[in-house]
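1. I'll drop the sequence and a predicted model, then ask my questions.
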Amino acid sequence: MAAISTVIFSLLNSGDHIVLQRDIYGGTHHFATADFDRFGIEYSFVSSNVAEIENAIRNNTRIVYIESPSNPLLVVTDIAAVARLAKTKDILNAIDNTFASPINQNPLDYGIDVVIHSGTK
């Protein structure tokens, strides 16, 4: 959670918006719902469907945040499609890649801007 919160808080300011995949680690979901409002950060939870992600993007969206495979449901997101979408909108994208780990998946190869891994898994 330290890495996730550091990435998000270092890239967002009050008034910014973030699109988060709905199926994410519970600690990340709680972080968003418990802390974003008091920092003036707007957020939307969406499915891993790229069209739904695109529909949630606003003028003030700065990050698209995904997790693939997700924890705990193992939802798989099309990482490359999300990265392409974010780049066409000039938005950063970030992924929690803990479950796959760099042994199985390297999101940077698919265009992801920021990759987060838990060192305890």
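-> Received the coordinates, thanks.
2. gap between the lowest-mean-pLDDT helix or strand in the chain and the chain center?
-> Ranked by mean pLDDT, DSSP states H and E, the helix or strand of the chain with the weakest confidence is helix 101-104, at a mean of 89. Mean-position distance between helix 101-104 and its chain equals 18 Å (Cα atoms, centre = their mean, to the nearest Å).
3. heads up, I number from 680, so please use that
-> Got it, the first residue is 680 from now on, which makes the last one we talked about helix 780-783.
4. Could you export that helix as CSV, CA atoms only?
-> C-alpha atoms of helix 780-783 as CSV (Å, rounded to 0.1, in the frame of the first residue of the first chain):
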residue,chain,number,x,y,z
SER,A,780,4.9,-10.7,-10.9
PRO,A,781,7.7,-9.8,-13.4
ILE,A,782,8.4,-13.5,-13.8
ASN,A,783,5.1,-14.0,-15.7
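5. Beyond that helix, next helix or strand please.
-> Counting by DSSP states H and E, the element after helix 780-783 in chain order, helix or strand, is strand 793-795.
6. Run the chain-centre distance for that following strand.
-> Here strand 793-795 is found 9 Å from its chain centre; the criterion is Cα atoms, centre = their mean.
7. Could you list every helix and strand in contact with it?
-> With contacts taken as 3 or more Cβ pairs under 8 Å, 6 or more residues apart in numbering; DSSP states H and E, strand 793-795 sits against helix 681-690, strand 771-775. C-betas here are computed from N, CA, C, even on glycine.
8. okay, the angle between the first one and strand 771-775?
-> Computed by axes from the mean of the first three to the mean of the last three Cα atoms, to 10 degrees, the angle separating helix 681-690 from strand 771-775 equals 170 degrees.
9. List the buried residues in helix 681-690.
-> For helix 681-690, the buried set under the neighbour-count rule, 16 or more other Cβ atoms under 10 Å, comprises Ile683, Val686, Ile687, Leu690.
10. and the closest residue in space to Ala682 that isn't next to it in sequence, bridged to which residues?
-> Nearest residue to Ala682, sequence neighbours excluded (Cβ to Cβ, 6 or more residues apart in numbering): Ile795, at 5.0 Å. Beta-bridge pairing for Ile795 (DSSP bridges): Asp775.
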